[in-house]
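[1] sequence and predicted structure are below.
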Amino acid sequence: MKILHLVALAFVSHISRPRGLLLIAAGFLLASGVSALLLAVPQGLRNTATSTGRDDVAMILSAGALDEASSSIGAKELNLIRALPHVARDRDGEPMVAPQFIGMAKFDRPGEGPALVQVRGIDDKTWGVLGATVETLTRENAVPGGVWVGQFASSNVPELASGNSIRFRGAEWGISGALEAGGALWDSEIWADLPSVQAAYQSPSRWSTVLVRLERATDLELLRAELTKDPRLSAVRVIRQSDYYRLHAGWAADIMLAAALGVSVLLGLGAAIAVANSLSTSLEGRRREAATLRALGFTRGSLVLSTLLEVLIISTAVSCLVILCIAAFFDGRAFSTTSGGYTIYAELEVVGLSAVFVVTYSAVIGFIASALPARRLVRGQIIDGLRAD
């Protein structure tokens, strides 16, 4: 209780002399604000990656491919894949196997430079394999040779949001509807009829990837063993669909996170110095008060602890206020980055782990900044403090 009383007295002092409090708060405001914004980017990208793909769907790519776009699978491999065991069957007894073709299309973004959007050729099997993972607003009214435009792509590329058609690969494509995948990476893509995309990219008998719905999510290793046993399928490899997207976009999120943490550490050191200087100035004006409290029986330790708690309260209050403000204005805002050579969109994620980190980060800065000034406050003899101006 004594420490709480000391903290209350400190804030009463701040009210009469607010300059020190404002300078201390400004240091925390700058550090926590920049850190919260920087961390919102990798957290948003990671959320987008982890919301893409299913655990019970396997992706089959060519063995040497780094990603879908660089993969190439022929008709022979496709027919063999359809006959593999551990592949789920639909109501008609047909294997739930969906070949896809991946292409790229360039669109202009005024003032931002061109956007390279991934085009995914799909057939009717894709909807069944992915199930409720993907929804379209007007799929039942699809126009022949039309496309479905991802909600992130249409929101950020004006050319994709205007009119009833878009143009790429030298052809006009009617828009069948908007593609909604719950904020997944697919929302950054254009989906179109598979034969039309293959024709546009002059690859009528090649596919980029084959999606396979597993009988059970745990059957991936069994499917991989079947692929390994068949020498005719030695040129392909398999990966769980959800794992592929976590790895595919996860590396970009890791790089962004490392950069954000690096900047936060450097900014935190600067903020700690600024807060320490401001706190030293503020405490210097309270030396007589501290000496008086010591004369009344308060120990050096209680004064030091109360100072640390005082700064911790300021840092927590400021960082929480910063998070609330940034969340109100920036949480859910779309941003773009490049992964695999094409543009993907995600939404800033301010709350959650990012918020916990920022509050902890501010508290650490406060502890580092206040340790030395708090010790200086109680050093020396009480009589010397009572004589202070």
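    It's in. Numbers count the residues shown, from 1 in each chain.
[2] which residue ranges form the strands in the stretch 151-300 of the chain?
    Counting by DSSP state E, counting those that start in this stretch, the stretch 151-300 of the chain has strands at residues 165-168, 171-180, 190-193, 206-207, 209-213, 236-240.
[3] which elements pack onto the fourth one?
    So that's strand 206-207. For strand 206-207, the packing partners by 3 or more CB pairs under 8 Å, 6 or more residues apart in numbering; DSSP states H and E come out as strand 73-74, strand 97-107. C-beta: built from backbone N, CA, C; applies to glycine.
[4] would you list these in JSON lines and tack on mean pLDDT and mean neighbour count?
    Output for the helices and strands packed on strand 206-207, formatted as JSON lines (pLDDT from 0 to 100; neighbours: other CB atoms under 10 Å):
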{"stretch": "strand 73-74", "mean pLDDT": "94", "mean neighbour count": "18"}
{"stretch": "strand 97-107", "mean pLDDT": "93", "mean neighbour count": "21"}
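[5] turn those into TSV, columns for distance to Ile122.
    Below are those laid out as TSV (distance: least, CB to CB, whole Å):
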stretch	distance to Ile122
strand 73-74	15
strand 97-107	6
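[6] OK, contacts around the nearest residue to Arg216 once chain neighbours are set aside?
    Closest residue to Arg216 apart from its sequence neighbours, by CB to CB, 6 or more residues apart in numbering: Asp56 at 6.9 Å. By CB atoms under 8 Å, 6 or more residues apart in numbering, the residues touching Asp56 are Ala88, Arg213, Leu214, Arg216, Ala217.
[7] out of the strands of the stretch 151-300 of the chain, which one sits most buried?
    By mean neighbour count, with neighbours taken as mean count of other CB atoms under 10 Å, strand 190-193 ranks first of the strands of the stretch 151-300 of the chain at a mean of 25.
[8] how far is that one from where the chain is centred?
    Its chain's average C-alpha position is 26 Å from that of strand 190-193, according to CA atoms, centre = their mean, to the nearest Å.
[9] please apply the same query to stretch 96-115.
    Using CA atoms, centre = their mean, the offset of stretch 96-115 from its chain centre is 21 Å.
[10] between the two ends of that stretch, what distance do you get?
    Using CA to CA, to the nearest Å, one end of stretch 96-115 lies 33 Å from the other.
[11] one step back: tell me how far the residue nearest to Arg216 lies from Pro99.
    From Asp56 across to Pro99, the span is 18 Å (CB to CB, to the nearest Å).
[12] with distance to Leu66 as added columns, please give the strands of the stretch 151-300 of the chain in a markdown table.
    Below are these laid out as a markdown table (distance: least, CB to CB, whole Å):
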| stretch | distance to Leu66 |
| --- | --- |
| strand 165-168 | 24 |
| strand 171-180 | 25 |
| strand 190-193 | 21 |
| strand 206-207 | 17 |
| strand 209-213 | 12 |
| strand 236-240 | 11 |
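[13] could those strands be laid out in TSV, adding mean pLDDT and distance to Leu257?
    Converted to TSV, the strands of the stretch 151-300 of the chain look like this (pLDDT from 0 to 100; distance: least, CB to CB, whole Å):
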stretch	mean pLDDT	distance to Leu257
strand 165-168	87	34
strand 171-180	85	28
strand 190-193	91	29
strand 206-207	94	34
strand 209-213	95	28
strand 236-240	95	23
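[14] between those, which one is closest to Ile73.
    With CB to CB as the measure, strand 206-207 is the member of the strands of the stretch 151-300 of the chain nearest Ile73 (4.8 Å).
[15] mind giving me the domain split of the chain?
    2-50+248-386, 64-234 (automatic domain parsing).
[16] ok, which stretches of the stretch 101-250 of the chain are helices?
    124-130, 151-156, 158-161, 194-200, 220-229, 241-284 (DSSP state H, counting those that start in this stretch).
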